Each structure stands twice: as C-alpha cells, then as structure tokens.
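1. Structure here, sequence nowhere to be found:
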C-alpha cells in the first residue's frame with residue numbers, strides 16, 4: 001500500500017511554534033510506524049515551500065527546531081524521501097476535485113489517481129488542519145474526454161493509533177502465534193516465555209489481537225523516545241501525556257495502592273532474564289473485550305529492557 005503526506009494539510013494554520021513542532025513530531029511518529037511495517041511514507045519535494053505559519057515556510061519553521069529534530073525532518077524531506085513526484089502517475093492536465101477545489105498537482109490528487117488505477121493508496125495528514133476527516137472523496141472530472149466522472153474515497157490518517165490499526169493486518173490463529181509475532185515485531189520489548197500462557201487454549205478474537213498489538217506498539221515506541229542524554233523526547237512526552245495519564249481512562253495505568261497491597265503476590269512475576277529474581281509489575285495496558293491486562297516493568301529507563309511479563313485476564317478482580 002502507498003502512503004502519501006497530504007501537503008494540503010499544511011496551510012498556514014499554526015500561530016505558535018510549539019503547536020507546529022508537536023504536529024510535526026506526530027507526523028514523524030506516523031512515518032516511523034509505516035516504516036516498521038516495511039513500507040514508506042512518501043512526501044513531496046515541494047513540501048518545504050508550504051507555509052505552516054502565515055509568515056513562515058516549512059523550511060524556516062523546521063530550522064528553528066532542536067538539532068536532532070531538525071536533522072531527522074530535513075533528511076527525510078530533502079534527501080531520503082521517497083518522493084511521490086518521482087513516480088507521479090497523474091498529469092497536470094487531469095481535473096481532480098475535492099470539495100469543490102482542484103487538487104491536481106497535490107498528494108490528494110495523486111493518491112486518488114493511483115486508486116483509480118487499482119493501486120491501494122491513502123493519505124497521512126498533519127493535525128490540526130482543515131483535513132481532519134476521513135474518508136476524503138476525490139472526483140476525477142472527465143467530461144472533456146466524453147467519459148463519466150470517477151470517484152475515490154481515500155483513507156486519511158491523522159494519528160498513530162488508527163494508522164497502526166490499519167497496518168496491523170496480522171493473521172494469527174492462536175496466542176502462540178501472537179507471541180511469536182510480537183517478539184519479531186517489537187524489538188524494544190522483552191517478553192517473558194510464559195507471558196501469553198494465561199489465555200492459551202482460548203480462542204483469540206481478531207479485535208483482541210489487534211488491540212494487543214496496538215498496546216505493544218505504543219509501549220515499544222514510548223521506550224524508544226529518549227535522546228542521547230537519556231531525556232524523554234517531545235514525542236515521548238506527548239505519548240506519555242496521551243496514553244499514560246488520566247487514571248482509569250488511560251490506555252496504560254498503575255494499579256491503585258489498595259490493589260498493590262491486596263494483590264502484591266499476584267502482581268509479582270519471575271524476572272525474564274534473571275532466574276531466582278522477581279519483578280513487581282503493577283503498571284498495565286488495557287483491552288476491554290476480554291477484560292485483558294498487559295503487565296510490564298516500570299519505570300521505563302533509556303537503554304534498559306522493558307519486560308512484558310503477563311497478558312491475560314485482569315488480576316486485581318475479586
């Protein structure tokens with residue numbers, strides 16, 4: 001599948017540098033997710049000329065980022081690509097329209113044109129923007145050619161969770177399959193040999209498998225978001241605020257003090273790498289369908305393993 005950065009989602013909407021930086025970090029995270037699945041997020045060579053702020057181009061705005069952030073973004077947009085314009089399929093003479101506006105010469109037009117020719121293709125948009133919706137309908141006007149118009153509904157991803165859910169597309173039939181897939185897929189995590197045993201022998205609903213992979217993907221990404229000084233990156237801080245705060249409503253949370261006291265033994269697991277030692281792991285991710293909990297070591301320390309020790313029914317339930 002092809003993924004194209006929606007250049008039209010950069011249209012002078014930012015008025016603060018911090019908001020632009022956060023949006024750009026989110027885009028880079030989505031690029032990383034696409035790459036982890038062996039694919040690429042294609043950009044446009046002219047993207048640097050877009051204006052994220054009314055009086056500033058992308059190149060100027062990126063120039064004000066921290067050195068490591070600037071190098072990563074500029075390397076992608078100027079050298080590495082890949083650039084969809086190098087393999088452009090639609091011409092400047094095509095009349096491609098979206099919501100009454102001509103989108104010829106844009107990623108929106110190119111993505112639609114590819115789908116018209118049986119290539120699966122979608123958009124990745126910066127948020128916030130005027131493109132905070134999906135699907136995106138594009139019409140190929142062909143009246144001048146005496147042909148009927150064609151319509152395409154493009155998927156448009158704006159955050160890492162929904163993008164990951166699309167890319168998961170895993171085909172597993174058992175918890176053993178899920179464990180093997182997870183070990184191959186999430187290189188920053190270390191899995192206990194028996195962490196998936198609690199559900200062994202039970203059917204594995206696809207929705208549950210997908211959810212577990214999303215949780216592991218967030219945990220894996222969060223563990224990577226430290227700079228060379230061991231400090232959490234801006235993207236790591238965003239992930240923490242979004243998924244690890246908010247108490248019971250967060251995807252990941254700590255057990256309560258009462259649960260830690262009443263279920264201390266149940267929340268203590270054999271250390272995967274040190275026989276005879278134990279890990280107390282009250283932090284967990286949540287899946288609602290099977291009331292599943294995913295327990296892991298905490299705190300996450302840069303350069304140190306993150307141990308996933310348990311994937312099974314909720315432990316702290318009487």
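-> Thanks, I have it. These numbers were taken from a predicted model, which means no experiment stands behind them. Residues are numbered from 1 along each chain as shown.
2. Pull out the buried residues from the helix-or-strand element of the chain with minimal mean pLDDT.
-> In the chain, no helix or strand scores lower on mean pLDDT, DSSP states H and E than helix 160-168, which sits at a mean of 80. By 16 or more other Cβ atoms under 10 Å, the buried positions in helix 160-168 come out as 160, 163-164, 166-168. Where C-beta positions appear, they are placed from N, C-alpha and C, glycine not excepted.
3. and what of stretch 302-313?
-> For stretch 302-313, using 16+ other Cβ under 10 Å, the buried residues are 306-312.
4. Which ones among the residues you listed lie within helices?
-> Assignment to helices by DSSP state H places none of those there.
5. any chance of those residues in JSON lines, plus pLDDT?
-> Listed next are the buried residues of stretch 302-313 as JSON lines, based on pLDDT from 0 to 100:
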{"residue": "306", "pLDDT": "96"}
{"residue": "307", "pLDDT": "97"}
{"residue": "308", "pLDDT": "97"}
{"residue": "309", "pLDDT": "97"}
{"residue": "310", "pLDDT": "96"}
{"residue": "311", "pLDDT": "94"}
{"residue": "312", "pLDDT": "91"}
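6. and which of the residues you listed is nearest to residue 51?
-> The closest of those to residue 51 turns out to be residue 306 (Cβ to Cβ; 39.8 Å).
7. Run a quick check on the closest one versus residue 221, I expect a contact.
-> No. With contact defined as Cβ atoms under 8 Å, residue 306 does not count as touching residue 221 (11.1 Å).
8. re the thing from before, farthest-separated two in the buried residues of stretch 302-313?
-> The span of the buried residues of stretch 302-313, defined through Cβ to Cβ, is set by 306 and 312 at 18.1 Å.
9. pull the longest strand from the chain.
-> strand 306-313 (DSSP state E).
10. quick one: the strands in the stretch 51-200 of the chain?
-> Using DSSP state E, counting those that start in this stretch, the strands of the stretch 51-200 of the chain run over residues 95-98, 101-102, 121-124, 136-141, 150-154, 156-157, 189-191.
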